[in-house]
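# Provided below are the primary sequence and the corresponding predicted coordinates.
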Amino acid sequence: MSRVRVSLWRDPSALDLPLPGYQTEGSAGVDLYANIKDPITLQPGERALIPTGIRIALPPGYEAQIRPRSGLALKYGIGMVNSPGTIDSDYRGEIAVILINWGQEPFTIRRGDRIAQLVVAPVARIEWQIEESLPPTERGEGGFGHTGV
């Protein structure tokens, strides 16, 4: 398993919260915690920007992806509007998560709740090569359900 060193800064208001961490040896992402003073209740269909109190400096050639937590999605219908969210290597602002309540009941977020996960991954840069045509494949232009249910 490869490792990458990522610098992290915590807002003074978040010093009592755990650092983002892996929950198991095989976890791909670290959990992000809600850095909110008062509870926030999301009504069904409602969304909110939830701060985490951290900023990171990724090395060039990496991105961080912010992903929903599967347990919140299954149990309560809590997800993210922009999933995955992307943190670019040159972004230095606070990481915040756009949560949405896709469920049927109100859901309350409290200080220190694990609200999302962050995965760091390498990024390849595109160099466009303009062609007159593309090489054929068996699939061709088939998409959006072309293989059936």
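Sure thing, it's come through.

# just so I have it, where are all the helices in the chain?
70-76 (DSSP state H).

# and the most centrally placed residue in it, what does it touch?
Compute the mean C-alpha point of the chain, and by CA atoms, centre = their mean the closest residue is residue 66, 1.0 Å away. Listed by CB atoms under 8 Å, 6 or more residues apart in numbering, the contact partners of residue 66 are 32, 80, 83, 84, 85, 86, 87, 95, 97, 116, 117, 118. In this view, the C-beta of every residue, glycine as well, is placed from N, C-alpha and C.

# Skipping its backbone neighbours, what lies nearest it in space?
residue 85 (3.7 Å; CB to CB, 6 or more residues apart in numbering).

# Tell me what the nearest residue to residue 114 once chain neighbours are set aside is bridged to.
Spatially, and ignoring its direct neighbours in sequence, residue 114 is nearest to residue 31 (4.3 Å; CB to CB, 6+ apart). Beta-bridge partners of residue 31, counted by DSSP bridges, are residue 117.
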